[in-house]
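Engineer: Provide a 3D model corresponding to the input given below.
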Amino acid sequence: MSSYHGKTPQIPPIKNLIIALSLLAVVIFLLFLAVGFVETTMPNNSYEVKITGLSGLTVNGTATIMVPIPASVDGVPVMSKVELTGRYQAFGWQTTIRETPYGKMLAFTTTEGYVPDISVSSGEFEKKEEPRLLVPVLATHGNTSVEEFSRRSGGTYTTVVFLDGFVPQENATPISFDLRYQGGGGIKHLIKENVWTTTMNATVPSTESGFVPVPAGYHVTPGGIYL
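Structural biologist: Okay, here's the model as predicted:
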């Protein structure tokens, strides 16, 4: 004869603990997922400008150096004028945005007899999620449109710098440009957008005057699910 009298089977304590821990892990994961899904991080712009080889040069009246600015493919700056001209003040130089035959550029001017090198950097958030690079763009590899080029994973293109007002000197150190722009990387609903990076490292003889074409490198880091 069976000895079962209708009693409920007892669950071992260790099994209760495992079930409780499993439920807790599920709750924590769901909370993390919910927070991540509603979290929004704005895209960021950062721009570093380093120009060396200037400290040994003599200025003839007014000297001007112009470099590219971060912009969208249609040439609209992605950093505010206040950010570019206000925080990009280098010792001994005045900073402005100038219109040129190639588009807008970041200009450094001085009337000092002797000038120091330039080293400035800054950054800000922005709302747009779109390709951006340093402009002007004089030419792209394969002569594609700027928009088509910007949507590739990367490549090289030709931009331009400007020099004027320096007294030519024999055996003077060349002027080196080291520019780096990085933008994007915003996060919305667990999706991270692309990161766009443009660098320009070029050396220009100090005897040059006017617009000088220089190469720039462009790279896109793909976005995706962010966990």
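
Engineer: CA atoms for contacts and neighbours, from now on please.
Structural biologist: OK.

Engineer: which ones are touching the most centrally placed residue in the chain?
Structural biologist: Compute the mean C-alpha point of the chain, and by CA atoms, centre = their mean the closest residue is residue 182, 1.2 Å away. Contacts of residue 182 were listed using CA atoms under 8 Å, 6 or more residues apart in numbering, and they are 44, 45, 46, 47, 195, 196, 197, 198.

Engineer: Out of the residues you listed, which one has the lowest pLDDT?
Structural biologist: Lowest pLDDT within the contacts of residue 182 is found at residue 44 (80).

Engineer: Dig out what that residue forms beta bridges with.
Structural biologist: On the basis of DSSP bridges, residue 44 is bridged to residue 125, residue 184.

Engineer: That one against residue 183, yeah?
Structural biologist: Yes: between residue 44 and residue 183 a contact is recorded at 5.3 Å, counting by CA atoms under 8 Å.

Engineer: ok so residue 181 is a helix residue?
Structural biologist: No: with DSSP: H, G, I helix; E, B strand; the rest coil as the criterion, residue 181 is strand rather than part of a helix.

Engineer: More neighbours: which of residue 44 and residue 183?
Structural biologist: residue 183 (27 against 20; other CA atoms under 10 Å).

Engineer: Now do the contacts for the more buried one.
Structural biologist: So residue 183 contacts 43, 44, 45, 46, 132, 195, 196, 197 (CA under 8 Å, 6+ apart).

Engineer: Looking at neighbours, which among these is most surrounded?
Structural biologist: Of the contacts of residue 183, with other CA under 10 Å as the count, residue 132 tops at 30 neighbours.

Engineer: Low-confidence stretches in this structure?
Structural biologist: 1-13, 15-40, 42, 87-89, 127, 186-190, 223-227 (pLDDT under 70).

Engineer: Great, nothing more from me.
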